[in-house]
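> Test case, fold it:
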Amino acid sequence: MRKGMNPRSGWEIILDILKVTSEEGSRAKKTRIMQKAYLDWRNFQRRFGYLLERGFIEKVDDPVEGTSYKLTESGEDLVKRLKGVEAMLR
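Residues are numbered from 1 along each chain as shown. Below you'll find the model as predicted:
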């Protein structure tokens, strides 16, 4: 949990993961996404697995850079929708 802030809901955690993945571009590594989204490994794995299974994030295998992740078109759409929800609730 982020210091000095209220606990995040599930959709806020998902939005944070998606935003970090988007910011990192096509070179997003799991550990970096987890750290920048302020998550422990267990919570990250559960939410990240959900996003991967449903096609919001996809795996990119590169022989030089190794495995990384990026948002799919559906993932980008989900970010827009969740940002809209976030704006409505503030």
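> which residues are in contact with the longest helix seen in the chain?
For the chain, the helix with the greatest residue count under DSSP state H is helix 73-89. The contact list for helix 73-89 (C-beta atoms under 8 Å, 6 or more residues apart in numbering) reads 11-12, 14-15, 18-19, 21-22, 51, 54-57, 71. For every residue, glycine as well, the C-beta is placed using N, CA and C.
> Write a PyMOL command that selects only the buried members of the residues you listed.
The PyMOL selection below is limited to those of the contacts of helix 73-89 classed as buried (16 or more other C-beta atoms under 10 Å):
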select buried, resi 14+15+18+19+21+51+56+57+71
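> Tabulate the contacts of helix 73-89 (CSV), appending secondary structure, pLDDT and distance to residue 83.
Shown next, in CSV, are the contacts of helix 73-89 (DSSP: H, G, I helix; E, B strand; the rest coil; pLDDT from 0 to 100; distance: C-beta to C-beta, whole Å):
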residue, secondary structure, pLDDT, distance to residue 83
11, helix, 91, 11
12, helix, 92, 11
14, helix, 96, 12
15, helix, 96, 7
18, helix, 97, 10
19, helix, 95, 9
21, helix, 95, 14
22, helix, 94, 11
51, helix, 98, 16
54, coil, 98, 18
55, coil, 97, 19
56, coil, 98, 14
57, strand, 97, 17
71, strand, 96, 13
